[in-house]
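**Q** Need coordinates for the below:
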Amino acid sequence: MSQSLKDSTVLSNGVKMPWLGLGVWRVKEGQEIEDSVKHAISTGYVSIDTAAIYGNEEGVGRAIHNSGAARDKLFVTTKVWNADQGYDTTLKAFEESRRKLGLDYLDLYLIHWPVKGKYKDTWRALEKLYKDGLVRSIGVSNFHVHHLEDLLDGSDVKPMVNQVEYHPLLTQKPLLAFCKDHNIQLEAWSPLMQGNLDLPLLAELSEKYKKSPAQIVIRWDIQHGVVTIPKSVTAHRIEENANVFDFILSQEDMDRLDGLNQDKRFGPDPDHINF
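**A** Model (predicted):
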């Protein structure tokens, strides 16, 4: 059982990936992103998750550089955007992201969405980057089971991570089971349901465990074996989100949280993306 902010899961290729990281979706380039990332690192976070489309890779890079943290102690993720998918364009997009981040290598590079007709060529580019040692691990984001099955057919390297929308209102049990069966680490984006935490059960468990509703949900993720990357730009929230390693949800309460599932998405369905 994970007991500290520095605890990690081990990916299928042996790379260690922290259970908890900072997501920076919609964090503004400039002072906001730099302050958020620097405070997270000073709090003890070692995992930072960004993407080309977020428009803040340069700020993440500056924050990492100015934090003074040793590069080999950090786990940095970014993603190739849909418009850049395809073999050659993905390789070019990777170099642009690496330049903006100011890093010699990345720890995890993901296909952001399963763009029909392109994601398999994109995956070939990720395989090359991985084999060339420019990224320590590769994976996908927003892939359903059928996307994963298609990708696994004929690939040289299996995805190590699948980052998807995952929270108590969208438990995606078949996807979680598939990923566990194939040793693909599931990772949750928007774990806090974009702030929609006003649920009676979360209020009840918050009182029971003396933790915030957000902390309850993050702990639920981790106990399900799901890596999670809650986003915040507020110092005390960044600290609060990390303070989830000193309690354990009972199996009964885990089951009750599972029971909140409504297959409700706050983001797009990967089968119906319009990007």
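
**Q** And the helices in the stretch 1-150 of the chain, which stretches?
**A** All helices of the stretch 1-150 of the chain, identified by DSSP state H, counting those that start in this stretch, fall at 31-43, 57-67, 87-101, 119-131, 145-152.

**Q** Run the chain-centre distance for the first one.
**A** Right, helix 31-43. Centre-to-centre, helix 31-43 and its host chain are 17 Å apart (CA atoms, centre = their mean, to the nearest Å).

**Q** Repeat that for the shortest one.
**A** Relative to the mean C-alpha coordinate of its chain, helix 145-152 is positioned 19 Å out (CA atoms, centre = their mean).

**Q** hang on, the earlier thing: is it possible to get a markdown table of the helices of the stretch 1-150 of the chain that adds mean pLDDT and mean neighbour count?
**A** C-betas here are computed from N, CA, C, even on glycine. As requested, the helices of the stretch 1-150 of the chain are arranged in a markdown table below (pLDDT from 0 to 100; neighbours: other CB atoms under 10 Å):
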| stretch | mean pLDDT | mean neighbour count |
| --- | --- | --- |
| helix 31-43 | 96 | 20 |
| helix 57-67 | 97 | 20 |
| helix 87-101 | 98 | 18 |
| helix 119-131 | 98 | 20 |
| helix 145-152 | 98 | 16 |
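
**Q** and of the ones you listed, who's closest to Ile229?
**A** helix 31-43 (10.7 Å; CB to CB).

**Q** quick one: contacts for Lys120?
**A** 150-151, 154-155 (CB atoms under 8 Å, 6 or more residues apart in numbering).

**Q** and if we set it to 7 Å?
**A** Remark: with contacts taken as CB atoms under 7 Å, 6 or more residues apart in numbering, Lys120 is in contact with Leu151.

**Q** picking that back up, how about the helices of the stretch 1-150 of the chain in TSV, adding distance to Pro213?
**A** What follows is the helices of the stretch 1-150 of the chain, written out as TSV (distance: least, CB to CB, whole Å):
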stretch	distance to Pro213
helix 31-43	20
helix 57-67	28
helix 87-101	33
helix 119-131	35
helix 145-152	30
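
**Q** and of these, who's closest to Val227?
**A** Between Val227 and the helices of the stretch 1-150 of the chain, the tightest spacing by CB to CB is seen for helix 31-43, at 15.4 Å.

**Q** Which other helices and strands does that closest one contact?
**A** Packed against helix 31-43 by the contact rule (3 or more CB pairs under 7 Å, 6 or more residues apart in numbering; DSSP states H and E) you find helix 57-67, helix 235-242.

**Q** ok, Ile273 - contacts?
**A** Taking CB under 7 Å, 6+ apart as the definition of contact, the neighbours of Ile273 are Trp113.

**Q** Redo the helices and strands packed on helix 31-43 as TSV? Include distance to Asn82.
**A** Supplementary listing: the helices and strands packed on helix 31-43 in TSV, determined by distance: least, CB to CB, whole Å:
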stretch	distance to Asn82
helix 57-67	16
helix 235-242	29
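
**Q** I'd like to know which of these lies nearest to Met17.
**A** Met17 lies closest to helix 235-242 among the helices and strands packed on helix 31-43, at 16.0 Å (CB to CB).

**Q** average model confidence for that closest one?
**A** Within the predicted structure, the mean pLDDT of helix 235-242 is 96.

**Q** Give me the angle between that helix and helix 31-43.
**A** Interaxial angle of helix 235-242 relative to helix 31-43 (axes from the mean of the first three to the mean of the last three CA atoms, to 10 degrees): 50 degrees.

**Q** starting at the chain centroid, how far to helix 235-242?
**A** Going by CA atoms, centre = their mean, the spacing between the C-alpha centre of helix 235-242 and its chain's C-alpha centre is 17 Å.

**Q** if we can go back for a sec, nearest to Pro168, out of the helices and strands packed on helix 31-43?
**A** Ranking the helices and strands packed on helix 31-43 by distance to Pro168, with CB to CB as the measure, places helix 235-242 first at 16.0 Å.

**Q** For Gly23, find the nearest of the helices and strands packed on helix 31-43.
**A** Checking the helices and strands packed on helix 31-43 against Gly23 by CB to CB gives helix 235-242 as the closest, at 10.0 Å.
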